[in-house]
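Novice: coords below, sequence missing:
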């Protein structure tokens, strides 16, 4: 579904990604792992068209989307839950959800307001409150709900549970497991290694903008040297 081939990208004269390559298959959950500052968010920004790669190719469903504007990439079916949530603080919960709603696949949409409220009952309770009045956990639920309302074929989450209380993190992981069971393709960044190893099909570890290891959860669990060298602070 999504393929990065030798992607080089950065900011101005600062090169962050150094020929990075990996892929996400249909109905697959893939994590992008690495310590802070290693290029995970830059990878997401390149995928979403927020920065333009200086070399390499990014393909979605076989179509080259390298350097396409963000709105075109979203229209192709990639939904983003950005780091820091970035909800619309002056809009209500419901207004946030409908602001970017789309059904690009045609037919009956999988995700609409009733479906989002069933997934996150807390959002239904707060549907008239402004985004600014929500807790951090509620804002993250809203950011996920807003991305799902675009009915994406691929959902990208940058720091899915960072800074959230344990009970909220557990709820987010339950939602991710439900989405996975329903066949939602997901590219996920998160520091909770135990949780992502339970959830994901495949892990991509990056160090200084390069892929240094790829494999499944069982292989990663059996490779303490990888975790100690590239993931533990």
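Specialist: In hand now; what should we look at? Owing to the predicted nature of the structure, the values given are computational and were not obtained by experimental measurement. Residues are numbered from 1 along each chain as shown.
Novice: can you list the weak-confidence ranges in the protein?
Specialist: By pLDDT under 70, the low-scoring segments of the chain are 104-107, 233.
Novice: tell me which element residue 179 falls in.
Specialist: Assessed by DSSP states H and E, residue 179 sits inside helix 166-181.
Novice: what's the first helix or strand after that helix?
Specialist: strand 185-189.
Novice: who's in contact with residue 155?
Specialist: Residue 155 is in contact with 79, 81, 147-148, 179, 184-187, counting by CB atoms under 8 Å, 6 or more residues apart in numbering. Every C-beta, even on glycine, is put in place using the N, C-alpha and C of the backbone.
Novice: which of those residues sits closest to residue 217?
Specialist: Among the contacts of residue 155, residue 186 lies closest to residue 217 (CB to CB), at 14.4 Å.
Novice: rewinding a little: just the buried ones from the contacts of residue 155?
Specialist: 79, 81, 147-148, 179, 184-187 (16 or more other CB atoms under 10 Å).
Novice: tell me what the closest residue to residue 187 other than its chain neighbours is bridged to.
Specialist: Leaving aside its chain neighbours, residue 187 sits nearest to residue 156 (4.7 Å; criterion: CB to CB, 6 or more residues apart in numbering). Beta-bridge partners recorded for residue 156 (DSSP bridges): residue 80, residue 187.
Novice: I'd say residue 156 and residue 81 touch.
Specialist: Yes. Taking contacts as CB atoms under 8 Å, residue 156 lies within contact range of residue 81: 6.9 Å.
Novice: what is the burial count for the residue nearest to residue 187?
Specialist: Look at residue 156: counted by other CB atoms under 10 Å, it has 23 neighbours.
Novice: swap in the one 5 residues further on?
Specialist: The local packing count at residue 161 equals 23, with neighbours defined by other CB under 10 Å.
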